[in-house]
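Colleague: The following block contains a protein sequence and its predicted model.
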Amino acid sequence: MVPVLRLITIPISHYCEKARWALERAGMRYREEPHVQGVHRVAARRAGGGSTVPVLVTPDSAIGDSAEILAWVDERATPEQRLYPADPAARREVESLCQRFDERLGPSGRRLMYVHMLAQRRLTLRFNNQGVPPWEDRLLRRGWPLIVRLLSRALEIRPGVEVEDEAMAWGELDFVAGLLSDGRPYLCGERFGAADLTFAALSAPLVVPSVYGVALPQPELLDAPTAALVQRAREHPAGRFALQMVAEHRPLPVAPDGVAPDGPVAASS
């Protein structure tokens with residue numbers, strides 16, 4: 001029997017979605033262990049990682065970086081499912097793009113959406129806490145003011161930071177649109193790869209895809225400024241590309257044991 005992998009996550013995290021997508025695309029069985037923000041640090045360390053998620057626990061080790069998880073999955077994937085090219089120079093190009101998105105698009109998009117969503121408590125709790133242990137759900141609800149302060153400190157949220165993050169995020173969208181302007185079907189080469197998966201997954205806070213590891217609040221549920229932000233991102237050429245990659249290459253999420261995901265998201269309190 002092949003041991004079931006364990007994936008420690010914050011359910012809505014786009015870096016965790018990056019790992020989920022790679023595992024599910026490669027057909028690898030895993031058990032997701034979702035946690036709320038703050039508690040995830042303890043869970044990550046207990047699993048053998050650092051203080052961030054995702055952490056993939058394998059029979060041999062714990063991998064605490066989404067890029068390293070992609071590489072681990074790729075080494076065990078079938079040839080038609082490989083995410084990285086065999087040619088060393090081509091692989092370096094892919095890895096360089098992935099690193100750029102990890103360091104620029106990922107953090108800026110995450111903080112930008114947190115700034116918007118932390119002001120919408122009921123909606124945030126409704127979608128943020130999907131699948132987490134009940135005691136963690138209660139902890140976040142009852143300690144919401146403290147959690148907001150801790151998150152703001154951890155993410156370095158300060159007045160006006162959303163303007164900087166929006167400029168950074170749209171700069172990355174413009175960069176990707178520039179790459180695609182020559183008519184290429186994918187960011188690198190003629191087939192879907194790690195750069196496309198990384199970009200599409202890390203664009204999730206901006207384009208809010210309907211296919212994701214957990215349900216995401218669609219624009220009709222968001223307040224007007226947040227919905228306008230999402231709509232603008234979806235209309236951007238790079239945003240359309242991200243949604244296309246999700247539609248064409250992201251498997252429909254299913255539980256590791258083959259059971260369909262949970263039903264509708266529980267109502268907030």
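Modeller: Now that the structure is in, tell me what you want to look at. Numbers count the residues shown, from 1 in each chain.
Colleague: And the next helix or strand past the longest helix anywhere in the chain?
Modeller: In the chain, taking DSSP state H as the definition, the longest helix is helix 161-180. Under the assignment DSSP states H and E, the closest C-terminal helix or strand after helix 161-180 is helix 194-202.
Colleague: all strands in the stretch 51-200 of the chain, in order from the N-terminus.
Modeller: With strands called from DSSP state E, counting those that start in this stretch, the stretch 51-200 of the chain shows them at 55-57, 62-63.
Colleague: residues touching Val211, list them.
Modeller: By Cβ atoms under 8 Å, 6 or more residues apart in numbering, the contact list for Val211 reads 246-247, 250, 252-253. In short, each C-beta sits where N, CA and C put it, glycine included.
Colleague: before we move on, what about Pro251?
Modeller: Applying Cβ under 8 Å, 6+ apart, we find Pro251 in contact with 21, 24-25.
Colleague: Arg25 now?
Modeller: Contacts of Arg25 (Cβ under 8 Å, 6+ apart): 81, 197, 249-251.
Colleague: And the furthest pair within those?
Modeller: Within the contacts of Arg25, Gln81 and Arg250 form the most distant pair, 13.3 Å apart (Cβ to Cβ).
Colleague: Can you list the neighbours in contact with the lowest-mean-pLDDT helix or strand in the chain?
Modeller: Every helix and strand in the chain was compared by mean pLDDT, DSSP states H and E; the lowest is helix 144-154, with a mean of 94. Here helix 144-154 makes contact (Cβ under 8 Å, 6+ apart) with 37-38, 114, 118, 121, 125, 140, 157.
Colleague: hmm, try it at 10 Å
Modeller: By Cβ atoms under 10 Å, 6 or more residues apart in numbering, the residues outside helix 144-154 that reach it are 36-38, 41, 111, 114-115, 118-119, 121, 124-125, 128, 139-141, 143, 157-158, 161.
Colleague: Write a PyMOL command that selects only the buried members of these.
Modeller: Selecting only the buried entries of the contacts of helix 144-154 in PyMOL, with 16 or more other Cβ atoms under 10 Å as the criterion:
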select buried, resi 36+37+38+41+111+114+115+118+124+125+128+139+140+141+157+161
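Colleague: Show only the entries of the contacts of helix 144-154 found in helices.
Modeller: Reading helices off these with DSSP H, I get 41, 111, 114-115, 121, 124-125, 128, 139-141, 161.
Colleague: quick revisit: can you tell me which of the contacts of Arg25 comes closest to Ser51?
Modeller: Leu197 (24.4 Å).
Colleague: For the closest residue to Val73 other than its chain neighbours, list the residues it contacts.
Modeller: The spatial neighbour of Val73 that comes closest, neighbours along the chain excluded (Cβ to Cβ, 6 or more residues apart in numbering), is Ala22 at 4.6 Å. Listed by Cβ under 10 Å, 6+ apart, the contact partners of Ala22 are 28, 56, 66, 69-74, 77, 81, 83, 194, 197-198, 201.
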